[in-house]
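Enquirer: fold the following, please.
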Amino acid sequence: MNFNFEEVIQVLESTPQTLEHLLSGLSSEWFENNEGEGTWNVYQVIDHLIEGEKHNWIPRLEIILQEGETKPFPEFNRYSHLDEETKRTINQKLSEFKCIRVKNIKKLKSLIKPNSHLELTGSHPVFGVVKVRELLATWAIHDLTHISQIVRVMAKRYSEDVGPWKEYLGILNKN
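Expert: Sure thing, here's the model as predicted:
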């Protein structure tokens, strides 16, 4: 196993800055693309990250710490952010994400004692028994997944503009 609590914190702390550096100052056209029907554009990915910060990671962690396996996690609607389209700018969305993430990391650090809490278990509505360690690892990898998704969606915007170099641009050849 490779899990390291401090490494998870590093990823969680760096994600807001990574997204700010990647997206701030770009024209909105970069954020409006998606990969086809049923996929998300950059705005929607950021909204999804915000929803996760509000309703997923810390609430589930608190359930494990307080209730263990006796109380299943409430279901998290991964698509709830699509119900309320807002006209906020990317910078406004990034600012909200960063603010909530900073609070969540502070709470995470206050709640978790790595030497005693990582193997505690809770009940996921689909997966069954899950450990704190697995939840935290998933949170970090979830960030990396969506950073990758954002970069891929942005790259696809120029998919037809790169000409014959497309065959060498792996990001444009992934489904």
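
Enquirer: hmm, who's touching the host helix or strand of residue 94?
Expert: Assigned by DSSP states H and E, residue 94 belongs to helix 90-111. Helix 90-111 has contacts (Cβ atoms under 8 Å, 6 or more residues apart in numbering) with 9, 12-13, 15-17, 19-20, 23-24, 26, 28, 31, 42-43, 46-47, 49-50, 53-54, 57-58, 61-62, 65, 88, 117, 136. No exception for glycine: its C-beta is placed from N, CA and C like everyone else's.

Enquirer: out of these, which are buried?
Expert: Neighbour-count burial (16 or more other Cβ atoms under 10 Å) applied to the contacts of helix 90-111 gives 9, 12, 15-16, 19-20, 23, 31, 42-43, 46-47, 49-50, 53, 57-58, 61, 117, 136.

Enquirer: who's in contact with the worst-scoring helix or strand of the chain on mean pLDDT?
Expert: For the chain, counting by mean pLDDT, DSSP states H and E, helix 114-117 ranks last in confidence among helices and strands (a mean of 92). The contact list for helix 114-117 (Cβ under 8 Å, 6+ apart) reads 5, 65, 111, 132.

Enquirer: switch these over to TSV; also include secondary structure, distance to residue 123 and pLDDT.
Expert: Shown next, in TSV, are those (DSSP: H, G, I helix; E, B strand; the rest coil; distance: Cβ to Cβ, whole Å; pLDDT from 0 to 100):
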residue	secondary structure	distance to residue 123	pLDDT
5	helix	22	98
65	helix	13	96
111	helix	18	97
132	helix	13	98
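
Enquirer: now the helix or strand residue 9 falls within: how far from the chain's centre is it?
Expert: Assessed by DSSP H and E, residue 9 sits inside helix 5-23. Its chain's average C-alpha position is 10 Å from that of helix 5-23, according to Cα atoms, centre = their mean, to the nearest Å.

Enquirer: any stretches of this protein with poor pLDDT?
Expert: Applying pLDDT under 70 to the chain flags the ranges 76-86, 175.
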